[in-house]
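# compute the structure for the input listed below.
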Amino acid sequence: MAAPLELSCWGGGWGLPSVHSESLVVLAYAKFSGAPLKVNVIDNTWRGSRGDVPILTTEDSIVSQPAKILNFLRKQNYNADYELSAKQGADTLAYIALLEEKLLPAVLHTFWVETDNYFTVTKPWFASRIPFPLSLILPGRMSRGALNRILLTRGEPPLYHVQEVEAQIYRDAKECLNLLSNRLGTSQFFFGDTPSTLDAYVFGFLAPLYKIRFPKVHLQEHLKQLSNLCRFCDDILNSYFRLSLGDG
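Purely as a prediction, here's the structure:
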């Protein structure tokens, strides 16, 4: 393809190419499909709009949101799913919906709402990559956005407090992790020996939970008991990101 594909995304740490789940989904899919991305890591000199990161830019297109970026890459013949059956394609959509409904709220809560994690890890990390004075404003805005997204995902009226649904959020997330572990079993990837869209999504959601050192780790502790999911994350990191890992 003549036009370069440039991806703007949050960078890495703790041995991850990105600490941001949605950025990780796109980075993993690009590796799986062979898409030749030029990755522009956000740092404190970056001056673009941050609301929709990751952002894919070509000569004539700007695409945001992982699902839309992956669809764009497939249209350019970078397809990690070409060997999947129709049933496996349907299963992929069902599991992605499950991840977004059951696991994403707990990931967002762990990063952006859990007070100790936010002030000790999340806020300092993101603020260090945002130019002043936005570094004083944007992390708080991102935290509020995450909270609103949690409440919308839960289907609760906006006047509800997240504390009222917090226990259910983590119950749902642990149930989702158990389902993923059972589905993966002893396989290398979710549909056999070749990674696909579903593997990119699962990796993007799980790897930050698995690797980032948070002070409050209740969901992380549950994930680390599911050894096949941890092995899955480690295998993808070692096989696809060995040369581009952040130091943390």
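# low-confidence ranges in this protein?
Where the chain drops to pLDDT under 70, the residues are 1-3, 45-51, 154-161, 243-248.
# helices of that one, start to end?
Secondary structure of the chain (DSSP state H): helices located at 21-33, 66-75, 86-98, 104-108, 115-117, 123-127, 134-154, 163-184, 197-211, 218-224, 227-240.
# which one of those helices lies nearest to L7?
Ranking the helices of the chain by their distance to L7 (criterion: C-beta to C-beta) puts helix 21-33 first, at 6.3 Å. Any C-beta I mention is one placed from the backbone N, CA and C, and that applies to glycine too.
# distance from the closest one to the middle of the chain?
On the basis of C-alpha atoms, centre = their mean, to the nearest Å, helix 21-33 sits 9 Å off its chain's mean C-alpha point.
# now do that helix: which elements does it pack against?
strand 5-9, strand 37-41, helix 66-75, helix 197-211, helix 227-240 (3 or more C-beta pairs under 8 Å, 6 or more residues apart in numbering; DSSP states H and E).
# count of neighbours near the closest residue to A28 other than its chain neighbours?
Among residues not flanking A28 along the chain, A200 sits closest, at 4.0 Å (C-beta to C-beta, 6 or more residues apart in numbering). Applying other C-beta atoms under 10 Å, we find 25 residues neighbouring A200.
# format the helices of the chain as CSV; extra columns: distance to N44.
Converted to CSV, those look like this (distance: least, C-beta to C-beta, whole Å):
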stretch, distance to N44
helix 21-33, 17
helix 66-75, 24
helix 86-98, 33
helix 104-108, 24
helix 115-117, 22
helix 123-127, 9
helix 134-154, 7
helix 163-184, 32
helix 197-211, 21
helix 218-224, 28
helix 227-240, 26
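# and G15, which of those is closest to it?
Comparing the helices of the chain against G15 with C-beta to C-beta, the closest turns out to be helix 197-211 (5.6 Å).
# hang on, the earlier thing: and of the helices of the chain, who's closest to F191?
Nearest of the helices of the chain to F191, taken as C-beta to C-beta: helix 86-98 at 5.3 Å.
# now for the closest one, which elements pack on it?
By 3+ C-beta pairs under 8 Å, 6+ apart, helix 86-98 packs against helix 163-184, helix 197-211.
# check what contacts it and list those residues.
Contact with helix 86-98 is made by 67, 81, 84, 176, 179-180, 183, 190-191, 196-198, 201-202, as judged by C-beta atoms under 8 Å, 6 or more residues apart in numbering.
# tell me the angle of it relative to helix 197-211?
Angle of helix 86-98 versus helix 197-211, following axes from the mean of the first three to the mean of the last three C-alpha atoms, to 10 degrees, is 30 degrees.
# mind listing what's buried along helix 86-98?
Within helix 86-98, the residues that count as buried by 16 or more other C-beta atoms under 10 Å are 91-92, 95-96, 98.
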